[in-house]
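show me the folded form of this:
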Amino acid sequence: MDPKQTDNEVAWGEFSVMTKTTLFVLLYVASCLIAQPGQAQSQPSAQSKGQVTVEGCLSRQSGDYILTQSDPGNSYVLHAADKIKLSQYLGQQVRVTGTKSPTLSDSSDAGRSTSAVTITVSSVKTISKECIK
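The predicted structure follows:
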């Protein structure tokens, strides 16, 4: 111990290799945990109320507005809520937010998957003016 140091001061060199390694590992793990987004942060609280946000290409089929994702290939039937005009987004890559519900069977279901889901759209945003192929 250096004679200039008090009892409360310890030089870095006096720590054992094991103590230094343990301290380094603890700091590394702590920084990794801080850098990762939490599960609660990645899922907005609105989703618990049936709200979903989906990106895809907007098209029209059998009179319905259809949002198709290129990967994983899901399709959603869209219904506009309030003053939203889906027609101005046709052929565009969009992000829609709305309430999800099972699609009711009707005569226009012939060209769609039987597991289609309806989203009543509360907001829509253009991601790209052209659909991504």
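
any idea whether the closest residue to residue 52 other than its chain neighbours is helix, strand or coil?
Leaving aside its chain neighbours, residue 52 sits nearest to residue 100 (4.7 Å; criterion: CB to CB, 6 or more residues apart in numbering). Backbone N, C-alpha and C define where each C-beta goes, glycine included. The three-state assignment at residue 100 reads strand, by DSSP: H, G, I helix; E, B strand; the rest coil.

wouldn't residue 100 be in contact with residue 121 here?
No. Residue 100 is beyond contact range of residue 121, at 10.6 Å (criterion: CB atoms under 8 Å).

more neighbours: those two, which one.
residue 121 (24 against 14; other CB atoms under 10 Å).

skipping adjacent residues, who's closest to the more buried one in space?
For residue 121, the closest residue by CB to CB, 6+ apart turns out to be residue 98, at 4.2 Å.

what's near enough to touch residue 122?
51, 81-82, 84, 97-99 (CB atoms under 8 Å, 6 or more residues apart in numbering).

that's a helix at it, yeah?
No. Per three-state DSSP, residue 122 lies outside any helix segment and is strand.

gap between it and residue 101?
13 Å (CB to CB, to the nearest Å).
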